[in-house]
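Participant: based on what follows, work out the 3D shape:
(one chain, ligands or ions: 1)
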Amino acid sequence: MYAFPAENAASDPARNYEIAPKEIVGLMREFRERKLEFLGIYHSHPKGKNEPSPRDIQLAYYSEAAYVIVTPRPHAEKPVRAFAIRDGRANELEIQIV
Ligand SMILES: [Zn+2]
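Facilitator: Model prediction:
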């Protein structure tokens, strides 16, 4: 499994995240060329809980993706959480480390 960093192109990157469409198109092309399966998108919530914000839900365009949200807060119960976001609703996914 690989993780590809993307630039946060949001106008207020301290509060929101957004990947520029041009960068997404380039990443999707690279996945196809390297025969990689697109699993999901990760970002962090440096200060708040790591659950999807209303904006995260609004901007979740990939219904098949896992939206992974990380928190660096100490003592977080789950520092890494993943969600399926479809039709305006977020459902937490189970993460298994194998
Ligand atoms: Zn978020």
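Participant: sec struct for the residue in the chain that the ion sits nearest to, please.
Facilitator: The ion sits closest to D56 of the chain, with a gap of 4.0 Å, by C-beta to the ion. Any C-beta I mention is one placed from the backbone N, CA and C, and that applies to glycine too. Under the three-state scheme (DSSP: H, G, I helix; E, B strand; the rest coil), D56 adopts helix.
Participant: isn't it right up against A65?
Facilitator: No. Taking contacts as C-beta atoms under 8 Å, D56 lies outside contact range of A65: 11.8 Å.
Participant: which neighbours do these two share?
Facilitator: I85 (C-beta atoms under 8 Å, 6 or more residues apart in numbering).
Participant: low-confidence ranges, this structure, go.
Facilitator: Counting by pLDDT under 70, the chain contains no low-confidence range.
Participant: up against the ion, what does it have?
Facilitator: 53, 56 (C-beta under 5 Å from the ion).
Participant: grab the longest helix from the chain for me.
Facilitator: helix 21-33 (DSSP state H).
Participant: alpha carbons only: can I get that helix in CSV?
Facilitator: What follows is helix 21-33, C-alpha atoms only, in CSV (Å, rounded to 0.1, in the frame of the first residue of the first chain):
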residue,chain,number,x,y,z
PRO,A,21,-8.7,19.0,-9.3
LYS,A,22,-5.6,19.1,-11.5
GLU,A,23,-3.6,17.2,-8.8
ILE,A,24,-6.3,14.6,-8.4
VAL,A,25,-6.4,14.0,-12.2
GLY,A,26,-2.6,13.5,-12.2
LEU,A,27,-2.8,11.1,-9.2
MET,A,28,-5.6,9.1,-10.8
ARG,A,29,-3.6,8.8,-14.0
GLU,A,30,-0.6,7.6,-12.0
PHE,A,31,-2.7,5.0,-10.2
ARG,A,32,-4.0,3.7,-13.6
GLU,A,33,-0.5,3.5,-15.1
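Participant: neighbouring contacts of the next helix or strand after it?
Facilitator: Next helix or strand after helix 21-33 toward the C-terminus (DSSP states H and E): strand 40-44. Applying C-beta under 8 Å, 6+ apart, the external contacts of strand 40-44 come out as 3, 8, 17, 19, 50, 56, 62, 65-72, 82.
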